[in-house]
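> what's the 3D shape of this:
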Amino acid sequence: MAACLVIGMACALPDHAPSAAPRELELNGGFTIARLKYTGGGDWYSDESSLRNLLRALRERGDVRVSQEEEGVVTPTDPEIWNYPMLFMTGHGNIKMSEEEARALRGYLDAGGFLWADDNFGMDKSFRELVKRLYPETPLAELPFSHAIFRYPNSFPAGAPKIHEHDGGPARVYAVIKGGRVLVLYTFDCDIGNGIEDAGVHDDPAEKRMAAMRFAINVATYTVTH
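I've put the predicted structure just below:
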(Lines give C-alpha, C1' and ligand atoms only; values in the text may rest on other atoms or scores of the structure.)
Protein backbone atom coordinates (compact mmCIF):
# COMPACT_ATOMS: atom_id res chain seq x y z
CA MET A 1 0.00 0.00 0.00
CA ALA A 2 2.83 2.38 0.83
CA ALA A 3 4.42 1.62 -2.51
CA CYS A 4 1.15 2.62 -4.21
CA LEU A 5 1.21 5.90 -2.29
CA VAL A 6 4.75 6.59 -3.42
CA ILE A 7 3.95 5.83 -7.05
CA GLY A 8 0.81 8.00 -6.91
CA MET A 9 2.63 10.89 -5.31
CA ALA A 10 5.44 10.68 -7.85
CA CYS A 11 2.89 10.97 -10.65
CA ALA A 12 1.45 14.08 -8.99
CA LEU A 13 4.73 15.90 -8.55
CA PRO A 14 5.18 19.17 -10.39
CA ASP A 15 7.61 19.34 -13.28
CA HIS A 16 10.10 21.40 -11.23
CA ALA A 17 10.60 18.68 -8.61
CA PRO A 18 14.19 17.66 -9.41
CA SER A 19 14.25 14.33 -7.62
CA ALA A 20 10.81 13.03 -8.51
CA ALA A 21 12.18 10.18 -10.62
CA PRO A 22 14.28 8.50 -7.88
CA ARG A 23 11.42 8.49 -5.35
CA GLU A 24 9.75 5.33 -6.59
CA LEU A 25 13.07 3.50 -6.80
CA GLU A 26 14.19 4.65 -3.37
CA LEU A 27 11.00 4.01 -1.42
CA ASN A 28 9.43 1.05 -3.16
CA GLY A 29 10.33 -1.01 -0.08
CA GLY A 30 7.80 0.83 2.09
CA PHE A 31 6.84 3.81 4.20
CA THR A 32 9.14 6.21 6.04
CA ILE A 33 9.06 9.66 7.68
CA ALA A 34 11.29 12.74 7.67
CA ARG A 35 11.65 15.34 10.41
CA LEU A 36 11.26 18.89 9.08
CA LYS A 37 14.15 21.17 10.04
CA TYR A 38 13.43 24.90 10.29
CA THR A 39 15.09 28.07 11.57
CA GLY A 40 13.88 30.68 14.05
CA GLY A 41 15.11 29.32 17.35
CA GLY A 42 12.61 26.51 17.83
CA ASP A 43 14.08 23.14 18.73
CA TRP A 44 13.00 21.23 15.62
CA TYR A 45 15.01 18.22 16.84
CA SER A 46 13.03 17.66 20.07
CA ASP A 47 11.24 14.36 20.74
CA GLU A 48 14.39 12.68 19.50
CA SER A 49 13.25 9.05 19.83
CA SER A 50 9.61 9.49 18.84
CA LEU A 51 9.75 8.81 15.10
CA ARG A 52 12.06 5.84 15.48
CA ASN A 53 9.61 4.33 17.95
CA LEU A 54 6.65 5.04 15.65
CA LEU A 55 8.32 3.41 12.66
CA ARG A 56 9.22 0.38 14.77
CA ALA A 57 5.64 0.09 16.05
CA LEU A 58 4.29 0.27 12.49
CA ARG A 59 6.67 -2.46 11.38
CA GLU A 60 5.71 -4.69 14.31
CA ARG A 61 2.00 -4.14 13.68
CA GLY A 62 2.41 -5.24 10.07
CA ASP A 63 -0.38 -3.22 8.42
CA VAL A 64 2.04 -0.70 6.89
CA ARG A 65 5.22 -1.87 5.22
CA VAL A 66 8.10 0.20 6.60
CA SER A 67 11.28 0.75 4.62
CA GLN A 68 13.48 1.86 7.52
CA GLU A 69 13.19 2.56 11.25
CA GLU A 70 15.35 5.71 11.29
CA GLU A 71 13.69 8.93 10.16
CA GLY A 72 15.27 11.33 7.71
CA VAL A 73 15.86 15.05 8.28
CA VAL A 74 15.00 17.55 5.54
CA THR A 75 14.53 21.27 5.05
CA PRO A 76 11.66 22.57 2.88
CA THR A 77 14.00 23.20 -0.08
CA ASP A 78 15.96 19.94 0.25
CA PRO A 79 15.43 17.79 -2.87
CA GLU A 80 15.31 14.79 -0.53
CA ILE A 81 11.92 15.97 0.72
CA TRP A 82 10.36 14.19 -2.26
CA ASN A 83 11.59 10.87 -0.86
CA TYR A 84 9.19 11.07 2.07
CA PRO A 85 5.37 10.79 1.94
CA MET A 86 5.14 12.18 5.49
CA LEU A 87 6.91 15.00 7.34
CA PHE A 88 6.89 15.57 11.11
CA MET A 89 7.65 18.86 12.81
CA THR A 90 7.68 19.84 16.46
CA GLY A 91 9.37 22.21 18.89
CA HIS A 92 8.93 24.63 21.77
CA GLY A 93 9.69 27.93 20.05
CA ASN A 94 9.62 30.09 16.95
CA ILE A 95 9.32 28.74 13.40
CA LYS A 96 10.73 30.78 10.53
CA MET A 97 10.72 30.05 6.81
CA SER A 98 11.80 32.16 3.89
CA GLU A 99 9.46 32.76 0.97
CA GLU A 100 11.41 30.18 -1.04
CA GLU A 101 11.02 27.62 1.73
CA ALA A 102 7.31 28.32 2.12
CA ARG A 103 6.75 27.91 -1.63
CA ALA A 104 8.71 24.67 -1.63
CA LEU A 105 6.76 23.26 1.30
CA ARG A 106 3.42 24.15 -0.26
CA GLY A 107 4.55 22.57 -3.52
CA TYR A 108 5.36 19.34 -1.67
CA LEU A 109 2.00 19.34 0.12
CA ASP A 110 -0.03 20.18 -2.98
CA ALA A 111 1.71 17.34 -4.82
CA GLY A 112 0.51 14.73 -2.32
CA GLY A 113 2.76 15.16 0.71
CA PHE A 114 1.57 15.23 4.30
CA LEU A 115 2.80 17.33 7.23
CA TRP A 116 2.10 16.43 10.85
CA ALA A 117 2.94 19.27 13.25
CA ASP A 118 2.86 18.41 16.96
CA ASP A 119 3.06 21.38 19.32
CA ASN A 120 5.62 20.66 22.03
CA PHE A 121 4.38 23.78 23.89
CA GLY A 122 5.47 27.12 22.53
CA MET A 123 5.22 26.81 18.73
CA ASP A 124 1.48 27.49 18.40
CA LYS A 125 1.63 31.18 17.44
CA SER A 126 4.41 30.86 14.87
CA PHE A 127 2.98 27.65 13.39
CA ARG A 128 -0.44 29.22 12.85
CA GLU A 129 1.25 32.17 11.16
CA LEU A 130 3.14 29.76 8.90
CA VAL A 131 -0.08 27.98 7.91
CA LYS A 132 -1.66 31.33 7.00
CA ARG A 133 1.29 31.99 4.69
CA LEU A 134 1.10 28.53 3.14
CA TYR A 135 -2.69 28.38 2.70
CA PRO A 136 -4.30 31.80 3.15
CA GLU A 137 -7.35 30.49 1.31
CA THR A 138 -7.71 27.36 3.48
CA PRO A 139 -7.45 28.08 7.22
CA LEU A 140 -6.87 25.46 9.89
CA ALA A 141 -10.13 23.81 10.90
CA GLU A 142 -10.73 21.57 13.90
CA LEU A 143 -11.40 17.98 12.87
CA PRO A 144 -14.63 16.34 14.01
CA PHE A 145 -14.28 13.15 16.03
CA SER A 146 -15.94 11.32 13.16
CA HIS A 147 -12.86 11.89 10.97
CA ALA A 148 -10.89 8.82 9.84
CA ILE A 149 -7.84 9.87 11.86
CA PHE A 150 -9.83 9.23 15.05
CA ARG A 151 -11.31 5.97 13.80
CA TYR A 152 -8.78 3.76 12.03
CA PRO A 153 -7.09 1.51 12.89
CA ASN A 154 -7.61 2.59 16.51
CA SER A 155 -10.76 4.22 17.86
CA PHE A 156 -10.62 7.60 19.63
CA PRO A 157 -14.30 8.54 20.00
CA ALA A 158 -13.47 11.48 22.29
CA GLY A 159 -10.59 12.83 20.22
CA ALA A 160 -6.82 12.66 20.52
CA PRO A 161 -5.28 11.59 23.83
CA LYS A 162 -3.81 14.29 26.06
CA ILE A 163 -0.35 13.32 27.30
CA HIS A 164 0.80 16.52 29.06
CA GLU A 165 -1.00 19.62 30.31
CA HIS A 166 0.04 22.85 28.58
CA ASP A 167 -2.59 25.45 27.78
CA GLY A 168 -5.52 23.88 29.55
CA GLY A 169 -8.61 22.32 28.05
CA PRO A 170 -8.87 19.20 25.91
CA ALA A 171 -6.43 18.03 23.28
CA ARG A 172 -7.24 19.64 19.93
CA VAL A 173 -6.59 18.44 16.39
CA TYR A 174 -6.70 20.83 13.44
CA ALA A 175 -6.10 20.37 9.73
CA VAL A 176 -5.74 22.07 6.38
CA ILE A 177 -8.02 20.16 4.01
CA LYS A 178 -8.12 20.49 0.23
CA GLY A 179 -10.18 18.30 -2.04
CA GLY A 180 -11.18 16.15 0.91
CA ARG A 181 -7.55 15.35 1.77
CA VAL A 182 -5.68 16.44 4.88
CA LEU A 183 -2.47 18.19 3.81
CA VAL A 184 -1.47 19.55 7.23
CA LEU A 185 -2.38 17.95 10.56
CA TYR A 186 -1.81 19.98 13.72
CA THR A 187 -2.04 18.36 17.16
CA PHE A 188 -2.28 21.08 19.82
CA ASP A 189 -2.04 20.68 23.60
CA CYS A 190 -1.64 16.93 23.12
CA ASP A 191 2.10 16.17 23.26
CA ILE A 192 1.77 13.02 21.18
CA GLY A 193 5.47 13.30 20.29
CA ASN A 194 6.42 13.25 23.97
CA GLY A 195 4.16 10.29 24.54
CA ILE A 196 5.89 8.09 21.96
CA GLU A 197 9.42 8.82 23.11
CA ASP A 198 11.47 6.19 24.92
CA ALA A 199 10.06 5.08 28.25
CA GLY A 200 11.56 7.11 31.07
CA VAL A 201 12.18 10.29 29.09
CA HIS A 202 9.09 11.90 30.61
CA ASP A 203 8.05 9.20 33.10
CA ASP A 204 4.59 9.03 31.57
CA PRO A 205 2.30 6.18 32.67
CA ALA A 206 2.27 3.18 30.36
CA GLU A 207 -1.37 3.74 29.43
CA LYS A 208 -0.65 7.29 28.24
CA ARG A 209 2.32 6.14 26.18
CA MET A 210 0.21 3.39 24.64
CA ALA A 211 -2.58 5.84 23.78
CA ALA A 212 -0.09 8.23 22.18
CA MET A 213 1.39 5.46 20.05
CA ARG A 214 -2.03 4.22 18.99
CA PHE A 215 -2.94 7.73 17.83
CA ALA A 216 0.40 8.19 16.03
CA ILE A 217 -0.24 4.90 14.22
CA ASN A 218 -3.59 6.31 13.07
CA VAL A 219 -1.83 9.39 11.66
CA ALA A 220 0.72 7.32 9.76
CA THR A 221 -1.96 4.94 8.49
CA TYR A 222 -4.02 7.87 7.25
CA THR A 223 -0.99 9.13 5.33
CA VAL A 224 -0.67 5.79 3.57
CA THR A 225 -4.35 5.26 2.83
CA HIS A 226 -5.35 8.74 1.67
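
> from here on, contacts and neighbour counts on C-alpha atoms
OK.

> quick one, strands of the chain?
33-36, 72-74, 86-91, 114-119, 141-142, 172-178, 181-188 (DSSP state E).

> turn those strands into CSV, columns for distance to residue 159, mean neighbour count and mean pLDDT.
Output for those, formatted as CSV (distance: least, Cα to Cα, whole Å; neighbours: other Cα atoms under 10 Å; pLDDT from 0 to 100):
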stretch, distance to residue 159, mean neighbour count, mean pLDDT
strand 33-36, 24, 24, 95
strand 72-74, 29, 18, 95
strand 86-91, 20, 24, 95
strand 114-119, 15, 24, 96
strand 141-142, 11, 14, 98
strand 172-178, 8, 18, 97
strand 181-188, 11, 22, 97
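
> now these in JSON lines, with distance to residue 210?
Converted to JSON lines, these look like this (distance: least, Cα to Cα, whole Å):
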{"stretch": "strand 33-36", "distance to residue 210": "20"}
{"stretch": "strand 72-74", "distance to residue 210": "24"}
{"stretch": "strand 86-91", "distance to residue 210": "19"}
{"stretch": "strand 114-119", "distance to residue 210": "17"}
{"stretch": "strand 141-142", "distance to residue 210": "24"}
{"stretch": "strand 172-178", "distance to residue 210": "18"}
{"stretch": "strand 181-188", "distance to residue 210": "17"}
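
> looking at those, which is nearest to residue 163?
Across the strands of the chain, residue 163 has its closest neighbour in strand 181-188 (10.9 Å, Cα to Cα).

> from residue 173, how far off is the residue positioned nearest the centre of the chain?
By Cα atoms, centre = their mean, the chain has its centre lying nearest to residue 116, at 2.2 Å. Residue 116 sits 10 Å away from residue 173, going by Cα to Cα, to the nearest Å.

> check residue 143 too.
In terms of Cα to Cα, residue 143 sits 6 Å off from residue 173.
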